[in-house]
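A.B. asks: I'll drop the sequence and a predicted model, then ask my questions.
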Amino acid sequence: MTIRTATEADLPAIMKVLEAGRSIMLASGNLHQWPEGYPTREMVRGDIGPGYGKVMEEDGRIVAYFACIPSPDPTYAVIEGGQWLDDEKPYYVIHRIASYPEVHGVFQTLMEYLEGITDNVRIDTHKDNKIMQGLLKRYGFTYCGIIHIASGAPRLAYQKIRV
């Protein structure tokens, strides 16, 4: 798989990937993280504009999407029930990661990509997203506490610092 910066022309394919990601969440019991219509086209356009939206391609087909956003992320300013591993160094945040269910190796490819750009990554997920929690544990992320997204909903927050 290869990763490249998403373009406006990729938007229809990205929205299909995000819908597939929502279906995976629903099938695994994660019923509330991505309600119908989330992420919106406008959110994805907001990722694409500054170059934060990324697509993964396999054999020329877009099979996954994520946003890779440099710090600071305002939703990560306050953390409850814990603390960040490091709150001084710049970091990148991963948001809106999704793929088709038949595609494997997406998170590993993402981690390899991140190694090329940063040694400090933060990510959050819903308490019902057991798939993502398992991946975060497998790839060495540390649970740091609870953050609240813009809607006020709580999310489990993780950080990984490569030494």
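C.D. replies: Arrived safely, thanks for sending.
A.B. asks: Please make it C-alpha for all contacts and neighbour counts, starting now.
C.D. replies: Fine.
A.B. asks: can you dump the C-alpha coordinates of stretch 110-119 into CSV?
C.D. replies: This file holds the C-alpha atoms of stretch 110-119, laid out as CSV (Å, rounded to 0.1, in the frame of the first residue of the first chain):
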residue,chain,number,x,y,z
LEU,A,110,0.0,4.0,8.9
MET,A,111,2.6,3.4,11.6
GLU,A,112,5.4,3.1,9.0
TYR,A,113,4.3,6.4,7.5
LEU,A,114,4.3,8.1,10.9
GLU,A,115,7.8,6.9,11.6
GLY,A,116,8.9,9.0,8.7
ILE,A,117,7.4,12.2,9.9
THR,A,118,7.2,12.2,13.8
ASP,A,119,8.2,10.4,17.0
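A.B. asks: which residue sits closest to the residue nearest the centre of the chain, ignoring its sequence neighbours?
C.D. replies: Nearest to the mean C-alpha position of the chain, by Cα atoms, centre = their mean, lies residue 95 at 3.0 Å. Take residue 95 and drop its neighbours on the chain: the residue closest to it by Cα to Cα, 6 or more residues apart in numbering is residue 67, 5.1 Å away.
A.B. asks: Give me the distance from the lengthiest helix in the chain to the chain's centre.
C.D. replies: Ordering each helix of the chain by length in residues (DSSP state H) puts helix 11-27 first. Distance of helix 11-27 from its chain centroid, counting by Cα atoms, centre = their mean, to the nearest Å, is 13 Å.
A.B. asks: can you list the residues that contact that helix?
C.D. replies: 31, 33-34, 39, 41, 44-45, 55, 62-65, 96-101, 129 (Cα atoms under 8 Å, 6 or more residues apart in numbering).
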